[in-house]
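>>> pasted the sequence and its predicted model underneath.
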Protein chains: 2
Amino acid sequence: MSKPSIPQGTRDLSPEVVRKRQFLLQTLRSIFETCGFQPIETPAMENLSTLMGKYGDEGDRLIFKILNNGLQEPSKQEKTRAALEQVLLGKNDTNLTERALRYDLTIPFARYVVMHQNEIQFPFRRYQMQPVWRADRPQKGRYREFWQCDCDIVGSNSLINEAELLAIYREAFAKLAIPDIVVRLNSRKILTGIAQYCGAEEKLVDITTAIDKLDKIGHAGVQKELSERGLSDEQIGDISELIGLSSLDAMEQAFEKKQISTGMAGIGELRNTLNYHEQLQQVSWTNSKVEIDFTLARGLSYYTGVIVEVICANDRVQMGSIGGGGRYDDLTGLFGLKNLSGVGVSFGIDRIYDVMEQLQLFPETLNVGTQVIVINNGGTNEIYALSLLNHLRVQGISSEIYTDNAKFDKQMKYAFNRGIPYVVIAEDEEQHTGTIRVKQFGGDGQERMTIDALVARLK
Amino acid sequence: MSKPSIPQGTRDLSPEVVRKRQFLLQTLRSIFETCGFQPIETPAMENLSTLMGKYGDEGDRLIFKILNNGLQEPSKQEKTRAALEQVLLGKNDTNLTERALRYDLTIPFARYVVMHQNEIQFPFRRYQMQPVWRADRPQKGRYREFWQCDCDIVGSNSLINEAELLAIYREAFAKLAIPDIVVRLNSRKILTGIAQYCGAEEKLVDITTAIDKLDKIGHAGVQKELSERGLSDEQIGDISELIGLSSLDAMEQAFEKKQISTGMAGIGELRNTLNYHEQLQQVSWTNSKVEIDFTLARGLSYYTGVIVEVICANDRVQMGSIGGGGRYDDLTGLFGLKNLSGVGVSFGIDRIYDVMEQLQLFPETLNVGTQVIVINNGGTNEIYALSLLNHLRVQGISSEIYTDNAKFDKQMKYAFNRGIPYVVIAEDEEQHTGTIRVKQFGGDGQERMTIDALVARLK
């Protein structure tokens, strides 16, 4: 028999990891609920037609497709063979595969809104925390199964929504106590304005794609890429100058000079967003700041207004963005529901987990499951031990018994290795006197008391 | 554009459903943690070789297989075509598919234990709550994506484990307040004893398979099936008589008469389990009972000792078992780790959900997310409204603002349809006096107060 294994890029989560992830997800869930967001869940499998063509060519290639069942039926075989030939040409054919695994939470959300539009009260504030799957090349910190956590409002144009989402980011990272959080803010309209400013509006996608790589390839790299994408030296000079500006006022002056109305609108939206956001400030937000950053581009093409990205700028952390989002004006249009504007942000659960692990930010108490173990001494002591166990559990104290009557040392070793802090020992004398002996790991010797006294101590 | 849809047998979960499911899962999680069980999670995708051959021929057909990525690469195409021919013959070929979706939680757990045996402290008490996927024909109450919730102890032969699992069932159904719970108990050793009693030990699988159908086809149906499976009238008479017995004493007398040692061992194990379980009783368990039921067989072939099944015997509920489990002596042997005995139980999350929905057992409060909505009156009132919103959220009160400055009636309609109980209105007069007007749906008129007074009322 070969040694069992799991697919490349996937992980088993140990109890310690599951508890930490639960803490992370629960912290976010609680903030979303306080802010009036509602949870939804969508199926792991979507129709292939729902997903294909929504994530670009590269995305299409990374979607995990599910083989149809019942292919061995003789009546289907001819069609199946023909379907395979299509698949080998890079096309889809529902005779071989018609379902696929969820690739992100955004497209399934858009699909959900369109399908359930008659049940939904708009504006619809929803959050969703589920795994997604991508056939990416596995590498450190990048998995083929990972969790996304999204929070969106659709059906409202108000910039209050943008302000609230910034507040949710800051509240979340305050609650998680992650230091040096920078929420970077920009607007697609400003990027469009920059393209118009240098007379290259038709090259907007080239410009944003190049700027988006700034963190990776630096200013010289961006300039080289812009040149390769056909922009003139003068245009590249303008772009470099504008994205280097450090204030809304400076950018506004530039746009005013050339009467770039889209850019001016972007400036106005960012100002309003910041004004609204000011009202939602909380004193606990000492670990984060919001910064206007004209170099922020966000790769995804569906954004149309304010865009946002979160980084942890702590020296000890080498990590890209741990969250991002923005406004999109027509996402549900993909599925036939037009003119519904939305804005949303995403939390990179796996990256946030890694940052918290690296900075040791998870509460110590999360690792402790069982508080008390009752030693199994066999015979009639066993029955007494079970009654003690029951007493602890009725009081809500996480406790277990060593179920086998093994050697004392073996039981103690188990308790130690599991990190269980309290050991209850009850032999004949304890049973006859209705008492227990308690040993605390790291403490001195054993102490005789009643089970009620132990309960009182632990509560 | 075609109307969007989701694959047959899958579901979108609305906010109301997600909240109810969270309540259900959280109730179980809390009990598992109190009893010292630890959470693990395994990937949705397993290697196909891990799953195939573990669930019988029918199971193999129902596994969802994932198409390999990158099939369009020219160098792979020949092998892919050859692989398809194998798949069309009902065989597997890793050149076309090498991964599949999790079919249950038991096999991945066995695989986990073997892979992580050096990190695990045995006995290992784990729980796991995750979705599984099966290509079953969809029908009412049966889905292609559904959740399982398992709780197992491996590495201990003690019957205290069986007793604890019975206690977990009863505690869970007490906490969920499901009425008329019957925990049916039997032992595979008693079923073996019955087969030996009538001289048909080699037909044990036939006998258990037939008895397993008793609920569906009745006594006459079981007798017919036993006859078709080659048992004589005399043997069928013996079996019918024995499974009709109503006490351990009566069965013990029968086994004693013919010196059936395996059957006697089964009787002894059930008695010990019940004795241990007696010590773990809790006064809140008024809704459940444990019953010995010799007609309980459990289809799965890997059980070797005590077996258990839970039903809700309430007249208003038409539902099969809502939970089941038992002892298995060699599950990890499938992956090369021998002699590790385990025992576990499973909660049928979707069925339990349906029962609770039918009997209206979910707390009313689960449906209420947002407690307070602040009306958006535009202009400078908007800024005041945001400060009120912030005040509520700092106090942990789930609240939202209507983000657009829409007509008052439209905002009230939204609040009503969402079921938000309190509406805060703040126009010029309130802004100048630092007050609010509060309307409670179902109450009389509006009340002027401070935001602090509202907070105090809601806390």
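That came in fine, so what should we check first? Remember, predicted model here, so these are calculated numbers, not experimental data.
>>> could you use CA atoms for every contact and neighbour count after this?
Fine.
>>> who's residue A:126 bridged to?
Taking DSSP bridges as the rule, residue A:126 bridges to residue A:38, residue A:152.
>>> gap between it and residue B:130?
Using CA to CA, to the nearest Å, residue A:126 is found at 22 Å from residue B:130.
>>> now swap in residue A:160 and tell me
37 Å.
>>> re the thing from before, more neighbours, residue A:126 and residue B:130?
Neighbours per residue (other CA atoms under 10 Å in any protein chain shown) separate residue A:126 from residue B:130, with residue A:126 holding more: 21 against 17.
>>> and that one, what's its pLDDT?
Per-residue pLDDT puts residue A:126 at 97.
>>> now do the helix or strand bottoming out on mean pLDDT in chain A: everything it contacts.
One helix or strand of chain A scores below all others by mean pLDDT, DSSP states H and E: helix A:56-62, with a mean of 89. Outside helix A:56-62, the residues that touch it by CA atoms under 8 Å, 6 or more residues apart in numbering or on different chains are A:51-54, A:134-136, B:69-70.
>>> dump those residues to TSV, plus neighbour count, pLDDT and distance to residue B:98.
Shown next, in TSV, are the contacts of helix A:56-62 (neighbours: other CA atoms under 10 Å in any protein chain shown; pLDDT from 0 to 100; distance: CA to CA, whole Å):
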residue	neighbour count	pLDDT	distance to residue B:98
A:51	21	95	22
A:52	16	94	22
A:53	12	90	25
A:54	13	90	26
A:134	22	96	16
A:135	21	95	13
A:136	17	91	16
B:69	16	91	10
B:70	15	87	13
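>>> buried residues, stretch A:313-328. List them.
For stretch A:313-328, the neighbour count (16 or more other CA atoms under 10 Å in any protein chain shown) marks A:313, A:321-328 as buried.
>>> between the two ends of that stretch, how far is it?
End-to-end span of stretch A:313-328 (CA to CA): 27 Å.
>>> same check, this time on stretch A:302-314
30 Å.
>>> give me the average confidence score over that stretch.
95.
>>> and it, how far out from the chain middle?
Put simply, stretch A:302-314 sits 14 Å off its chain's centre (CA atoms, centre = their mean, to the nearest Å).
>>> other residues contacting that stretch?
With contact meaning CA under 8 Å, 6+ apart, stretch A:302-314 is reached by A:162, A:178-189, A:266, A:269-270, A:296-298, A:319-331, A:345.
>>> which stretches of the stretch 351-459 of chain A have low pLDDT?
In the predicted model of the stretch 351-459 of chain A, no residue satisfies pLDDT under 70.
>>> cool, the stretch 151-300 of chain A as well?
Low-confidence segments of the stretch 151-300 of chain A (pLDDT under 70): A:300.
>>> those helices in it, which residues are they?
For the stretch 151-300 of chain A, helices defined by DSSP state H, counting those that start in this stretch occupy the ranges A:160-175, A:188-197, A:204-211, A:214-228, A:233-243, A:248-257, A:261-279.
>>> packed most tightly, which of the ones you listed would that be?
Mean neighbours per residue, mean count of other CA atoms under 10 Å in any protein chain shown, is largest over the helices of the stretch 151-300 of chain A for helix A:188-197, with a mean of 25.
>>> close to chain B, is stretch A:411-419?
Yes - on the criterion CA under 8 Å from any CA of the partner chain, stretch A:411-419 is in touch with chain B at A:414, A:417-418.
>>> and the stretch 201-350 of chain A, which of its residues are near chain B?
Proximity of the stretch 201-350 of chain A to chain B is confined to A:276, A:279-282, A:335-336 under the rule CA under 8 Å from any CA.
>>> need the buried ones from those residues selected in PyMOL.
Selection of buried members from these for PyMOL, criterion 16+ other CA under 10 Å:
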select buried, chain A and resi 276+279+280+282+335+336
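>>> need the contact list for residue A:323.
Neighbouring residues of residue A:323 by CA under 8 Å, 6+ apart: A:309-311, A:345-348.
>>> actually residue A:98, not the one I wrote
A:47-49, A:65-68.
>>> ok, now with 7 Å
Residue A:98 makes contact with A:47-48, A:68 under the criterion CA atoms under 7 Å, 6 or more residues apart in numbering or on different chains.
>>> mind telling me what element it is part of?
Secondary structure assignment for residue A:98, by DSSP states H and E: strand A:97-101.
>>> contacts for the following helix or strand past that strand?
Next in sequence after strand A:97-101, counting helices and strands by DSSP H and E, comes helix A:106-115. If you take CA under 7 Å, 6+ apart as the criterion, helix A:106-115 is touched by A:42, A:331-332, A:335, A:337, B:4.
>>> quick check: domain ranges of chain A?
Listed domain ranges for chain A are A:15-44+A:102-189+A:266-358, A:368-458 (source: automatic domain parsing).
>>> so can I have CSV of the ones you listed showing distance to residue B:392?
Output for the domains of chain A, formatted as CSV (distance: least, CA to CA, whole Å):
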stretch, distance to residue B:392
domain A:15-44+A:102-189+A:266-358, 9
domain A:368-458, 32
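>>> good, we can wrap up now.
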